[in-house]
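Participant: Okay, here's the prediction I keep looking at, along with the sequence it came from:
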Amino acid sequence: MKQENFYNFAYLDEQTKRMIRRAILKAIAIPGYQVPFASREMPMPYGWGTGGVQVTASIIGKDDVLKMIDQGSDDTTNAVALRGFFELTAGVESTTETSEASIIQTRHRIPEDDLTEDQVIVFQVPIPEPLRFLEPRETETRKMHALEEYGLMHVKLYEDIATHGHIATSYAYPVKVMDRYVMDPSPTPKFDNPKMHKMAALQLYGAGREKRIYAIPPYTDVVSLDFEDYPFSVQEWPDTECGLCGATEVYFDEVVTDDHGGRMFCCSDSDYCEKRRAAGHTGKQPDQAAEV
Amino acid sequence: MNSAGVDSPLLRCSDLSKYYGRQPGCIDVSFELWPGEVLAIVGESGSGKTTLLNCLSANLEPTSGTVEYAMRDGTMPNLFDLGEAERRFLMRTDWGFVHQNPADGLRMAVSAGANVGERLMAVGERHYGKIRHSASDWLERVEIETGRIDDYPRTFSGGMRQRLQIACNLISAPRLVFMDEPTGGLDVSVQARILDLLRGLVSDLGLSVIVVTHDLAVARLLSHRMMVMKDGRVIESGLTDQVLDDPQEAYSQLLVSSILQV
């Protein structure tokens, strides 16, 4: 049953979209800089992606094809709910296939497949300020960004090494964009940080509660911060392959499969995994596919 | 003391006044501070000591007057003609600021080592091993067990926190250190150790220091020269021993005679 649509296209009114587009343009012009914007109340709670939704609503057109992912998967609650939101309010086509989408809104993951110049990836951001937990004053952190005082960022990494023996920050790992602004790719796992570097697609970040938008234009340098003697590295799963498709160099989810300690690893990017299986790759536990 | 820089003062304060609305903080203060010199500013609460210190360290913009500082490149600009970025850079490299309350100068939620290493990281040191080595070296110099390098300052006693704060400031080899009641709120035996430590470090490193205190004993122990302030004005200045042994102004005489004799 098709519900009748009483909403303006993509929910937001046109003036709000213009305001958000102006913020997006400014964000693209100053890569990594957090642009304040007049975030609206959305018909979903903060933390569900209100920032990402507003960005998507402002850039989406009737011809766009939308892909919505949450933790890499197209079928988790957040992804399903937000996809339904745009199907209802914008009536646009949606897809689960990375290559088919013109706009990909994501929470956490960047798809395993390379994105193209024709695509835009929109991130839902809970906390845009990388310095927040070290310096609680917003007036001070803004000044630190303005004056490029980023020593404090390394204090955090130092603490990691002192406490854990290595840089234990595994998500929201700070990056420096175009050798100027330090940016929080929160809450993307650091596994995906290298994908942000010189990505062909436009990256837009929206934080609804914190009222900030920032962006990385295509083909921009993005460097993960580190120490000379403790260089940046991504998570590794030695001797692990996807139970369903046999992939190795991907970000894994660990899934408990029964009540007897049974478990398996599988690709967190569900579309990537499905495509590989369709192409004939199999892992060691293919019978678990229905469960996952 | 015969290096080339000694021909000119490190800091020159001219006709400095700061008004809070109509209320004066400090009025027409002028003095020069020379390399390696320790200057004490004494006076009772509300006499304008802290206002003066905050103006000198560029934390407060004065209403009128200038504070010139001899930069490492040999120029001597007015601090308030510098950009904010330059002033803040001075603050974390060439200067130190020891607050009365260590919590104001430390990050209580990060470890002692990270606190001490912060200045190094701020000026671009990116080698963990080197940062850690310097940090533990400095902890040793301020008599904190190096085994506590990963402990949080909130687990430290008041005296240890103050010593940690001193290490945080001195690691960047500053030329000028501001101190606001560095031993305030500490018991006398702890005070004595800190003063002893400061005295050693100041003479070893050839630091210039401006120390604000209401405690004349601190001034006597640390400083070469002192200025007595009352109601925002400097009423008497001179060599520390001279001012304390033979105060000229009535108020200075009162201050000196108010010291408790034990």
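Facilitator: Received the coordinates, thanks.
Participant: in terms of contact, does B:Val110 touch B:Tyr152 like I think?
Facilitator: Yes - counting by Cβ atoms under 8 Å, B:Tyr152 is a contact partner of B:Val110 at 7.3 Å. C-beta coordinates here come from the backbone N, C-alpha and C atoms, glycine included.
Participant: Neighbour count: these two, which is higher?
Facilitator: B:Val110 (21 against 16; other Cβ atoms under 10 Å in any protein chain shown).
Participant: ok, now which ones touch that one?
Facilitator: Residues near B:Val110 by Cβ atoms under 8 Å, 6 or more residues apart in numbering or on different chains: A:134, A:155-156, A:159, B:152.
Participant: Roughly how far does the closest residue to chain B within the stretch 101-250 of chain A sit from B:Leu216?
Facilitator: Residue of the stretch 101-250 of chain A nearest chain B, by Cβ to the nearest Cβ: A:Gly151 (2.8 Å). A:Gly151 is 38 Å from B:Leu216, where distance means Cβ to Cβ, to the nearest Å.
Participant: In terms of neighbours, single out the busier of the two.
Facilitator: B:Leu216 (20 against 17).
Participant: Show me what from the stretch 1-150 of chain B comes close to chain A.
Facilitator: Contact residues, the stretch 1-150 of chain B versus chain A (Cβ under 8 Å from any Cβ of the partner chain): B:84-85, B:88, B:92, B:107, B:109-111, B:113-114, B:117-119, B:121-123, B:126-129, B:131-132, B:149-150.
Participant: how far does stretch A:32-50 stretch from start to finish?
Facilitator: When the termini of stretch A:32-50 are compared using Cα to Cα, to the nearest Å, they are 20 Å apart.
Participant: Next, the buried residues of that stretch.
Facilitator: A:32-35, A:37, A:39-40, A:42, A:48-50 (16 or more other Cβ atoms under 10 Å in any protein chain shown).
Participant: can you check stretch A:161-180 too?
Facilitator: For stretch A:161-180, by 16+ other Cβ under 10 Å, it's A:161-162, A:167, A:169, A:171-177.
Participant: and what of stretch B:240-254?
Facilitator: The neighbour-count check on stretch B:240-254 (16+ other Cβ under 10 Å) flags B:240, B:243-244, B:247, B:251-252 as buried.
Participant: Is A:Ile121 bridged to anything, and to what?
Facilitator: A:Ile104, A:Gln203 (DSSP bridges).
Participant: Surely it and A:Tyr205 touch.
Facilitator: No - counting by Cβ under 8 Å, A:Tyr205 is not a contact partner of A:Ile121; they are 9.5 Å apart.
Participant: Mind telling me the two of the buried residues of stretch B:240-254 farthest from one another?
Facilitator: Greatest spatial distance in the buried residues of stretch B:240-254: B:Thr240 and B:Tyr251, 16.8 Å, computed using Cβ to Cβ.
Participant: In chain B, which residue is most central in space?
Facilitator: With distances taken as Cα atoms, centre = their mean, the residue of chain B nearest its centroid is B:Phe178 (1.8 Å).
Participant: Look at that one and tell me its secondary structure.
Facilitator: At B:Phe178 the chain is in strand, as set by DSSP: H, G, I helix; E, B strand; the rest coil.
Participant: Would you mind naming the residues that bridge with it?
Facilitator: Going by DSSP bridges, B:Phe178 is paired in beta bridges with B:Phe97, B:Ile210.
Participant: Assess the claim that it and B:Gln100 are in contact.
Facilitator: No - if you go by Cβ under 8 Å, B:Phe178 and B:Gln100 don't touch, sitting 11.4 Å apart.
Participant: could you pull out the strands for the chain?
Facilitator: No chain was given, so I picked chain A. Here chain A has its strands, by DSSP state E, at A:35-36, A:65-70, A:93-94, A:103-107, A:120-124, A:175-177, A:181-183, A:202-207, A:212-216, A:222-224, A:252-256, A:263-267.
Participant: nope, chain B please
Facilitator: Under DSSP E, chain B gives strands at B:11-20, B:23-33, B:38-42, B:64-69, B:95-98, B:176-180, B:208-213, B:225-230, B:233-239.
Participant: Show me what from chain A comes close to chain B.
Facilitator: Contact residues, chain A versus chain B (Cβ under 8 Å from any Cβ): A:134, A:143, A:147-149, A:151-152, A:154-156, A:158-159, A:161-163, A:226-230.
Participant: List only buried entries from those.
Facilitator: Counted by 16+ other Cβ under 10 Å, the residues of chain A next to chain B give A:134, A:149, A:151-152, A:154-156, A:158-159, A:161-162, A:226-227, A:230 as buried.
Participant: Tally up the residues packed near the closest residue to chain A within the stretch 51-200 of chain B, please.
Facilitator: Nearest residue of the stretch 51-200 of chain B to chain A, counting by Cβ to the nearest Cβ: B:Ala122, 2.8 Å away. Residue neighbour count, defined by other Cβ under 10 Å, stands at 19 for B:Ala122.
Participant: How about B:Pro77?
Facilitator: Neighbours of B:Pro77 under the rule other Cβ under 10 Å: 15.
Participant: Does it touch B:Val67 like I think?
Facilitator: No - judged on Cβ under 8 Å, B:Pro77 makes no contact with B:Val67 at a distance of 9.8 Å.
Participant: quick one on the thing from earlier: the residue of the stretch 101-250 of chain A closest to chain B and B:Asn115 touch, don't they?
Facilitator: No - the criterion here is Cβ under 8 Å, and A:Gly151 misses it with B:Asn115 at 11.9 Å.
Participant: quick revisit: dump the strands of chain B to JSON lines, plus mean pLDDT.
Facilitator: Shown next, in JSON lines, are the strands of chain B (pLDDT from 0 to 100):
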{"stretch": "strand B:11-20", "mean pLDDT": "96"}
{"stretch": "strand B:23-33", "mean pLDDT": "95"}
{"stretch": "strand B:38-42", "mean pLDDT": "95"}
{"stretch": "strand B:64-69", "mean pLDDT": "96"}
{"stretch": "strand B:95-98", "mean pLDDT": "94"}
{"stretch": "strand B:176-180", "mean pLDDT": "95"}
{"stretch": "strand B:208-213", "mean pLDDT": "94"}
{"stretch": "strand B:225-230", "mean pLDDT": "95"}
{"stretch": "strand B:233-239", "mean pLDDT": "95"}
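Participant: so which of the ones you listed comes closest to A:Lys198?
Facilitator: Closest to A:Lys198 of the strands of chain B is strand B:95-98 (Cβ to Cβ; 40.3 Å).
Participant: The closest one: how far from the chain's middle?
Facilitator: With Cα atoms, centre = their mean, to the nearest Å as the basis, strand B:95-98 stands 5 Å off its chain's centre.
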